[in-house]
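**Q** sequence-free structure coming up:
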């Protein structure tokens, strides 16, 4: 997958020159992959609609504190919310019994953990391997001083 | 806190990487920024989270859940700021954490970190533009306009104007950011003063919160944990200060000063925001509000203060989008400069000295992210975009932990010139790891599918990089800092 060649006897890796078409393809590819994932997850995970009510109870009958009633009344007066909206919000925020509020599926948790661990393992192991190659080319073999011909991009 | 090693050049002495390239290699990014610009960049990206977004943590965990999230996630970001200040004051190059990863971990991790940065900021920018168009509609309605406001026009206009500003030069871009961010931050203080926040019995009411535990912590401690995900909004993006390192007059001074004052500003803003909102609005409403600070001002102060908060909301949104364009383009540009992405993106404008191709390329991408939820009438697409942004940031924080350990191990204190050396190592790194894991778990509770899908995206992108992209990268030249050989290699 890579082209190794000796450059001027230094042993530096000389990468191939990428064509214009290749550059465009690479730019489009990474974006296409991103959009595919973005749309995939959006259409796959149907968000549950918040519960609503068809009949709006007055503030006095809602299971909220007296201060919250006053605060809601001011919000209604300012046009931030209407009574129907208040009813919907109070219903939606009522805690569900037991573990239904935040259900945890052990299988889903395990799969998530495995995917993240697999990803990190791949990235770190590959990176460390590539890093050794970078250091060897930049500084020479272990114990050697950097070759004057080694490009020191960014060095003063 | 500062260590200088004779014989090792400071970051300011390091010529930018672009200088050694081909025909146009003499071009480099302009070094014109100071600590105030860095503060404006970091706080500017984040402050919109105080104006909107943080309050969804109330929906997840109640009022106290949101407050605990503000504190715990605040500790996470303090650790991020400390680590970034040390590493970036030494690695003074555009790309920030991407460049750090390149020097500390390796190329594939650097590629991933570059993508984390680009996605985090481009998606945040898109969300900002989308919310901006909603705000314009809302404000127009408040002013008595009864017709429909074309959201597309405002989304496109906001992104194009800000991208043009970024294209023309970094000094003007971040100077404007600094000013509008300062106005937005002062607006929060004005709201606190106008509600007589120092006297909790005057206009604010906390009885609803303290009357019973069921009211303050409606979903228990698991709800508190779930709130951590949206607690990120209080501070998300402060790490973006690192992207400007190559454009600072003195990165070793500006980055630590700008970043640390930035996180202090945000910690204060987070607590003030929670305090005035919690004392004004019922938690059931606050958990779903789009503009909680503006609503609080409307209910509790009205008049000029409400107008100021409306202005603050718009300014915070613009500052965030502006900073995001700046940061995403620097990360994309840096990857192009190293051939991690097509080299075409690694160009600097001959006159304005900005990474103009990276800026222009990301404009249609951001517009697409912002417009598609409206165009397809799929508001949940915007939620996915925002979650992608948060998760990308979270993955990056996870990377910062081994990055910090390796930085101290490969080049121990005293070996390199450090503009700032953070205290108590490795406590901040370990704390960051623990809290980042907790936030990942919180994200699993609310957006488990999105989390797995995003990780699979990064895995696929990594495989693509290894198989098809890395062959275009010069090996030794990636290491651009004039440092000694890393210890152990």
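**A** Perfect, thanks for sending it. From a predicted model like this one, the values you see are computed outputs, not experimental measurements. Numbering: from 1, shown residues only, chains lettered A, B, ... in the order given.

**Q** which intervals of chain A have sub-threshold pLDDT?
**A** Applying pLDDT under 70 to chain A picks out residues A:1-10, A:45-53, A:98, A:144-156.

**Q** which secondary structure element contains the residue of it found nearest chain B?
**A** Scanning chain A for the residue nearest chain B gives residue A:127, at 2.9 Å (criterion: C-beta to the nearest C-beta). No exception for glycine: its C-beta is placed from N, CA and C like everyone else's. Taking DSSP states H and E as the criterion, residue A:127 maps to helix A:106-139.

**Q** Could you pull up the contacting residues of the residue of chain A closest to chain B?
**A** B:101, B:105, B:106, B:107, B:108, B:109, B:110 (C-beta atoms under 8 Å, 6 or more residues apart in numbering or on different chains).

**Q** of those residues, list those near chain A.
**A** Among those, the residues lying close to chain A (C-beta under 8 Å from any C-beta of the partner chain) are B:101, B:105, B:106, B:107, B:108, B:109, B:110.

**Q** count of residues packed around the first one?
**A** Think residue B:101. 29 (other C-beta atoms under 10 Å in any protein chain shown).

**Q** Quick check: closest non-adjacent residue to residue A:135.
**A** Distances taken as C-beta to C-beta, 6 or more residues apart in numbering or on different chains place residue B:489 nearest to residue A:135, at 4.6 Å, with adjacent residues excluded.

**Q** hang on, the one you found packs against residue A:142?
**A** Yes - Residue B:489 is within contact range of residue A:142, at 7.1 Å (criterion: C-beta atoms under 8 Å).

**Q** Could you measure from residue B:225 over to chain A?
**A** Separation of residue B:225 from chain A (C-beta to the nearest C-beta, to the nearest Å) stands at 8 Å.

**Q** Leaving out sequence neighbours, find the closest residue to that residue.
**A** In space, residue B:225 is closest to residue B:442, 5.3 Å off (C-beta to C-beta, 6+ apart).

**Q** which residues sit in contact with that neighbour?
**A** B:60, B:225, B:226, B:227, B:228, B:229.

**Q** Which residues are in contact with the last one?
**A** So that's residue B:229. B:57, B:60, B:390, B:439, B:442, B:443, B:445, B:446, B:447.

**Q** Same check on the second one?
**A** When contacts are counted by C-beta under 8 Å, 6+ apart, residue B:225 touches B:61, B:438, B:441, B:442, B:445.

**Q** so where does the third one fall, helix or strand?
**A** Right, residue B:441. Per DSSP H and E: residue B:441 is located in helix B:427-464.

**Q** Going by distance to residue B:31, which of the contacts of residue B:225 wins?
**A** Minimum distance to residue B:31 across the contacts of residue B:225 is 39.0 Å, recorded for residue B:438 (C-beta to C-beta).

**Q** Count the neighbours of the closest residue in space to that closest one that isn't next to it in sequence for me.
**A** Spatial nearest neighbour of residue B:438, excluding adjacent residues (C-beta to C-beta, 6+ apart): residue B:228 at 5.9 Å. Residue B:228 has 27 neighbours, counted by other C-beta under 10 Å.

**Q** hang on, isn't residue B:228 packed against residue B:437?
**A** No - the pair residue B:228 / residue B:437 is not scored as a contact, 10.5 Å apart, by C-beta under 8 Å.

**Q** one step back: can you classify the residue nearest to residue B:438 as helix, strand or coil?
**A** Under the three-state scheme (DSSP: H, G, I helix; E, B strand; the rest coil), residue B:228 adopts helix.

**Q** By proximity to chain A, which residue of chain B wins?
**A** Counting by C-beta to the nearest C-beta, chain B gets nearest to chain A through residue B:106 (2.9 Å).

**Q** Look up how far residue A:72 lies from the nearest residue to that residue once chain neighbours are set aside.
**A** The shortest distance from residue B:106 to any non-neighbouring residue, by C-beta to C-beta, 6+ apart, is to residue A:127 (2.9 Å). Distance of residue A:127 to residue A:72, given as C-beta to C-beta, to the nearest Å: 54 Å.

**Q** again, but for residue B:111
**A** Residue B:111 is 51 Å from residue A:72, by C-beta to C-beta.

**Q** Could you check which of the two has the larger neighbour count?
**A** residue B:111 (30 against 24).

**Q** still on that earlier bit, neighbours of the residue nearest to residue A:135, how many?
**A** 13.

**Q** next one: residue A:61
**A** For residue A:61, using other C-beta under 10 Å, the count is 9.

**Q** Next up, identify which helix or strand the residue minimising distance to the centre of chain A is on.
**A** Residue closest to the mean C-alpha point of chain A, counted by C-alpha atoms, centre = their mean, is residue A:38 at 10.5 Å. Element membership for residue A:38 (DSSP H and E) is helix A:20-44.

**Q** How about residues contacting whatever helix or strand comes next after that helix?
**A** Where DSSP H and E defines the elements, the next helix or strand beyond helix A:20-44 is helix A:66-77. If you take C-beta under 8 Å, 6+ apart as the criterion, helix A:66-77 is touched by A:59-60, A:62, A:64, A:81-83, A:86, B:205, B:207-208, B:211, B:280-285, B:295, B:299.

**Q** So among those residues, which ones count as buried?
**A** A:59, A:62, A:64, A:81, A:86, B:205, B:208, B:280-285, B:295, B:299 (16 or more other C-beta atoms under 10 Å in any protein chain shown).

**Q** And those residues, which is closest to residue B:172?
**A** Of the buried ones among the contacts of helix A:66-77, the one sitting nearest to residue B:172 (C-beta to C-beta) turns out to be residue B:295, at 33.3 Å.

**Q** can you pull out the helices in the stretch 301-450 of chain B?
**A** B:303-337, B:356-375, B:379-410, B:427-464 (DSSP state H, counting those that start in this stretch).

**Q** cool, and the stretch 51-200 of chain B?
**A** Taking DSSP H, counting those that start in this stretch as the criterion, the stretch 51-200 of chain B carries its helices at B:56-88, B:97-104, B:107-142, B:151-168, B:170-194.

**Q** Out of these, which is the most enclosed?
**A** helix B:97-104 (a mean of 29; mean count of other C-beta atoms under 10 Å in any protein chain shown).

**Q** distance between that helix and the chain's centre?
**A** 18 Å (C-alpha atoms, centre = their mean, to the nearest Å).

**Q** how many degrees apart are that helix and helix A:106-139 in direction?
**A** Angle, helix B:97-104 to helix A:106-139, by axes from the mean of the first three to the mean of the last three C-alpha atoms, to 10 degrees: 60 degrees.

**Q** now for helix B:97-104, which elements pack on it?
**A** Under the contact criterion of 3 or more C-beta pairs under 8 Å, 6 or more residues apart in numbering or on different chains; DSSP states H and E, helix B:97-104 touches helix B:56-88, helix B:107-142, helix B:303-337, helix B:379-410.

**Q** For residue B:257, which of the ones you listed is the nearest?
**A** So among the helices and strands packed on helix B:97-104, helix B:56-88 is nearest, using C-beta to C-beta, at 8.7 Å.

**Q** Let me see the mean pLDDT of the closest one.
**A** Averaging pLDDT along helix B:56-88 yields 93.

**Q** could you say what helices and strands that helix packs with?
**A** Checked by 3+ C-beta pairs under 8 Å, 6+ apart, helix B:56-88 has helix B:97-104, helix B:213-216, helix B:220-231, helix B:251-278, helix B:283-286, helix B:379-410, helix B:427-464 packed alongside it.

**Q** redo that, cut-off 7 Å
**A** helix B:213-216, helix B:220-231, helix B:251-278, helix B:283-286, helix B:379-410, helix B:427-464 (3 or more C-beta pairs under 7 Å, 6 or more residues apart in numbering or on different chains; DSSP states H and E).

**Q** quick one: which of the buried ones among the contacts of helix A:66-77 is nearest residue B:221?
**A** Using C-beta to C-beta, residue B:283 comes nearest to residue B:221 of the buried ones among the contacts of helix A:66-77, at 16.7 Å.

**Q** could you check the distance from that closest one over to residue B:166?
**A** Distance from residue B:283 to residue B:166, by C-beta to C-beta: 39 Å.
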